[in-house]
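Chemist: need a structure here:
(chains A and B)
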Amino acid sequence: MLSRVAESIYWMSRYIERAENVSRFVDVNLHLILDMPVGIQAQWEPLVATTGDDEVFAERYGETSREAVIRFLAFDTENPNSIVSCLRAGRENARSIRENISSEMWEQLNDAYLLVTNTSEQWAMTEPHEFFREIKLASHLFMGLTDNIMSHSEGWHFSQLGRLIERADKTSRIVDVKYFILLPSIWDVNTPFDDIQWGALLHSASGFEMYRRTYGLIAPDDVVAFLLLDREFPRSVLYCLTKAEESLHAISGTPLETFSNSAEQRLGQLRAEFAYAQVKQVLSSGLHEFLDAFQTKLNSVGDDIHKTFFALRPVNGEFTEEEPLL
Amino acid sequence: MMGFDGYNTDGFYDEMFESDGSPRPAVQMLVERIESFPEGELTRRQIAAEHALLRMGITFNVYADEQGIEKIFPFDLIPRIINAKEWNWIERGLKQRIHALNLFIDDVYHDQKILKDGIVPADVVLSSERYLKPCIGLDPPRGIWCHITGTDLVRDSDGQVYVLEDNLGCPSGVSYVVENRQLMKRTFPQLFGMSQIQPVEDYPSHLLNMLRYLVTDRVSSPEVAVLTPGIYNSAYFEHSFLTQQMGVELVEGRDLVVMDGFVHARTTKGFERIDVLYRRINDDYLDPKVFQPDSMLGVPGLMDVYKAGRIALVNAPGTCVADDKVVCSFVPEIIKYYLGEDIIVPNVPTFMCWEDTDRKYVLEHLDELVVKEANQSGGYGMLIGPHSTQAERQEFASRIKDNPRNYIAQPTLALSRVPVLIDDHFEGRHVDLRPFILYGEDIYVLPGGLTRVALRKGSLVVNSSQGGGSKDTWVLSDSV
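Modeler: Reported below is the predicted structural model:
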């Protein structure tokens, strides 16, 4: 497979996953705010903080308000991580490789893009739930088509890799940001308000119902364990790392537990770190520090994937280096 | 019910109706079917078809900016129909033309017999900006230069069909032929059941066979790739479509590298050799070491590999010399010289401004003629005399006098028309026809081709960049 094609598939999936995560996260928080007791300030900052774009937001919008946050996260074409920007970037990547993906996948992605560009902001502001639901459904449809129509060969594994790395990053950010906002309310433990807040965190990762089946009662430690270390929940960080590692090895043909390039080495180390971690140790040594280090390491994995598969240099030829398509 | 009752041919040759308003024999069934639709049905199907094009992303870029404004290439539901007898004549004419043009191109880059014999003036060919000196003496695989041609045909008011130009560079539009047909089958399934329409869906198979035929050494499974300038090119959809249909790789210049005397693609598993490159970028951009030095689209060193016979390029570099409109006007003589035959489908009569008598005539009749630059296409660099202003004519007059070699003129043809659905009724619009010809083991002509239609009322310009649209083209089988 052409390096450029592999790279575009990887980014296509990452952007679609990112759009879906942003949608879910905004949607859940809109609902959460409806349940907040009167007098509690609506917390819009963390929403922006989760995307990692709080500085850009502060610069461009200043005050946080419902309208500003929705506009910034959904429709702002100058915010590279807004839903519309993600869908556009995902679609541009798909367009550059449409002969490699099925027509159904392309049409679905094109539909999603047309949905956002044809949607008035007004509608999204008044019916946000409907709007974000459409985005999530569009992403699910796209992923479903990818799984069920695309051959599970090299291209599909690159798609998996992009999707899972993006998801691991987003889940870790949600836990990082929310955990510290929720902690001060620790004395509300076992009050309905607390349950709702921690429930919202689980909902942000679509994990509420699966958590209930696994742990029953909502407890902060268990929520963190579930979202970071669960082996079966498909949005937990460990699950994402495990499956990403499988795809990486499927691409290179190297057996698991060995490595033939730095991407495999780093991802393997990171997966092992999570596989053998205990939530109590993670919390006592500092959750934020743990997650911060994780994000740095995950970025290195991304860099290594780029070096190993996308940026092949000829030994004795000539060619011109160009920026990858983002 | 929606009918053709108020439809008027306005004195033009109409592809669907005789001058007395009765349908031509080949379209009888289509007219009956359309007239049987309930009120509003055709409009509904037209809207559904346009929506489908947008959904499938069959679009071209209007501006190459960040937002990438994309438009669909407008499509009209009423097909253009060509009867079997006329098509057989066109097909024979095109095969003859391509056969002779290939011999001509090979000759001008080798012995130049036709120039030495004075059939075509040597300075006309050698002065053409499309005559590429680096190609002198080259032998493309199997001796084929013009593998893919999209010759433009027009019909004048008396019903005569002429060749307007050949388009030997990177003719585009064939993907619309295939997609339009699929759309029409969805829209009019019953009609396809009743009519004997020659299929076009096998074009990608013919194309792939031709491309693979060019690999002459013992490569068991030749690697074929399509070279595109990238997603912002207006024909990107077509590059992607043809690649997908053929199951080959779509590459950009930055994917390719010359190494150890061969062209390789960078893949996730290392470098992979490419044997045939269907390039959709112009000669000028192919190799910055030989042509435009600042080109980012091509591959440095590509021409060396090509000269060594280690890659086939489609079409062969240098082919476009026959696209020069001055050279093109000599095609009747070229056919006679190499094949000893008379031209079957004639050229549009052409005045050559570099000849004193022709130039004098052109300058005196600018308001009647169409003036074109010898090396422009896409409807640019053109003066349509009857639709021009005094100032435009003056400007062209001085340009012609400054550089007569670079201009030709042709009579303004009253291009034939086909009905087009406008809101709730039909109006006639001018059309041309671009059949596609493949030259591989033999010469193949895709039945029909792209009918381009000038959607602006009264307009004679059918190019997509200038408000043109397309129609499906039906070539009926002999039995009808």
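Chemist: Show me the shaky parts of chain A.
Modeler: A:36-42, A:182-193, A:312-326 (pLDDT under 70).
Chemist: Got the domain ranges for the chain?
Modeler: All of this is about chain A. According to the domain assignment given by automatic domain parsing, chain A is divided into the following structural domains: A:1-150, A:152-326.
Chemist: sorry, should have said chain B
Modeler: Domains of chain B are assigned by automatic domain parsing as B:87-170+B:203-339, B:351-411.
Chemist: most tightly surrounded among those domains?
Modeler: Among those, the stretch with the highest mean neighbour count (mean count of other C-beta atoms under 10 Å in any protein chain shown) is domain B:87-170+B:203-339, at a mean of 20. For glycine as for every other residue, the C-beta is placed from the backbone atoms N, C-alpha and C.
Chemist: Now the residue of the stretch 301-450 of chain B at minimum distance from chain A: closest residue in space that isn't a chain neighbour?
Modeler: Sorted by distance to chain A under C-beta to the nearest C-beta, the residues of the stretch 301-450 of chain B start with B:G301, at 6.5 Å. Using C-beta to C-beta, 6 or more residues apart in numbering or on different chains and skipping the chain neighbours, the partner closest in space to B:G301 is B:V258 (3.5 Å).
Chemist: next one: A:S103
Modeler: Using C-beta to C-beta, 6+ apart and skipping residues adjacent in sequence, the residue nearest A:S103 is B:M56, 7.3 Å away.
Chemist: give me every residue that touches the one you found.
Modeler: Applying C-beta atoms under 8 Å, 6 or more residues apart in numbering or on different chains, we find B:M56 in contact with A:103, A:106-107, A:110, B:179.
Chemist: ditto for B:E50
Modeler: Taking C-beta under 8 Å, 6+ apart as the contact definition, B:E50 lies against B:72, B:74-75.
Chemist: most surrounded residue in these?
Modeler: Top of those by neighbour number is B:F75, holding 21 neighbours under the definition other C-beta atoms under 10 Å in any protein chain shown.
Chemist: Throw the domains of chain A into JSON lines and include mean neighbour count and distance to B:Q390, thanks.
Modeler: Below are those laid out as JSON lines (neighbours: other C-beta atoms under 10 Å in any protein chain shown; distance: least, C-beta to C-beta, whole Å):
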{"stretch": "domain A:1-150", "mean neighbour count": "19", "distance to B:Q390": "45"}
{"stretch": "domain A:152-326", "mean neighbour count": "17", "distance to B:Q390": "49"}
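Chemist: quick one: least confident helix or strand in chain B?
Modeler: In chain B, no helix or strand scores lower on mean pLDDT, DSSP states H and E than strand B:59-61, which sits at a mean of 69.
Chemist: which SS class is B:V475?
Modeler: Each residue gets one of three states, and B:V475 gets strand by DSSP: H, G, I helix; E, B strand; the rest coil.
Chemist: So it versus B:N180, what's the distance?
Modeler: To B:N180, B:V475 is 13 Å away according to C-beta to C-beta, to the nearest Å.
Chemist: what's the answer for A:D169, then?
Modeler: 44 Å.
Chemist: now swap in B:E368 and tell me
Modeler: Using C-beta to C-beta, one obtains 35 Å as the distance from B:E368 to B:N180.
Chemist: Could you do B:K133 as well?
Modeler: Taking C-beta to C-beta as the measure, B:K133 and B:N180 are separated by 40 Å.
Chemist: show me what contacts the closest residue in space to B:Y203 that isn't next to it in sequence?
Modeler: Counting by C-beta to C-beta, 6+ apart, B:Y203 lies nearest to B:L446, which is 5.4 Å off, once chain neighbours are set aside. B:L446 makes contacts with B:174, B:177, B:200, B:203, B:206, B:435-438, as judged by C-beta under 8 Å, 6+ apart.
Chemist: at 7 Å instead, please
Modeler: For B:L446, the set of contacting residues under the criterion of C-beta atoms under 7 Å, 6 or more residues apart in numbering or on different chains consists of B:177, B:200, B:203, B:435-436.
Chemist: Filter those down to just the ones in helices.
Modeler: Taking DSSP state H as the definition of helices, the contacts of B:L446 contribute B:177, B:203.
Chemist: With just CA atoms, put stretch A:209-221 into PDB.
Modeler: The C-alpha trace of stretch A:209-221 is given here as PDB (Å, rounded to 0.1, in the frame of the first residue of the first chain):
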ATOM      1  CA  GLU A 209     -24.400   1.100  31.100                       C
ATOM      2  CA  MET A 210     -21.300  -1.200  30.700                       C
ATOM      3  CA  TYR A 211     -19.900   0.300  33.900                       C
ATOM      4  CA  ARG A 212     -23.100  -0.500  35.800                       C
ATOM      5  CA  ARG A 213     -23.000  -4.100  34.600                       C
ATOM      6  CA  THR A 214     -19.400  -4.400  35.700                       C
ATOM      7  CA  TYR A 215     -19.300  -2.500  39.000                       C
ATOM      8  CA  GLY A 216     -22.800  -1.600  40.000                       C
ATOM      9  CA  LEU A 217     -22.400   1.300  42.300                       C
ATOM     10  CA  ILE A 218     -20.700   4.400  41.100                       C
ATOM     11  CA  ALA A 219     -17.400   5.100  42.900                       C
ATOM     12  CA  PRO A 220     -14.600   7.400  41.600                       C
ATOM     13  CA  ASP A 221     -11.800   4.800  41.800                       C
END
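Chemist: sorry, back to before: how confident was the prediction at the residue of the stretch 301-450 of chain B closest to chain A?
Modeler: Residue-level confidence at B:G301 comes out at 94, pLDDT.
Chemist: B:G379 now?
Modeler: In this prediction, B:G379 carries a pLDDT score of 64.
Chemist: where along the stretch 201-350 of chain B do the strands fall?
Modeler: Per DSSP state E, counting those that start in this stretch, the stretch 201-350 of chain B carries strands over the ranges B:224-227, B:249-251, B:256-259, B:262-267, B:270-273, B:276-279, B:312-314.
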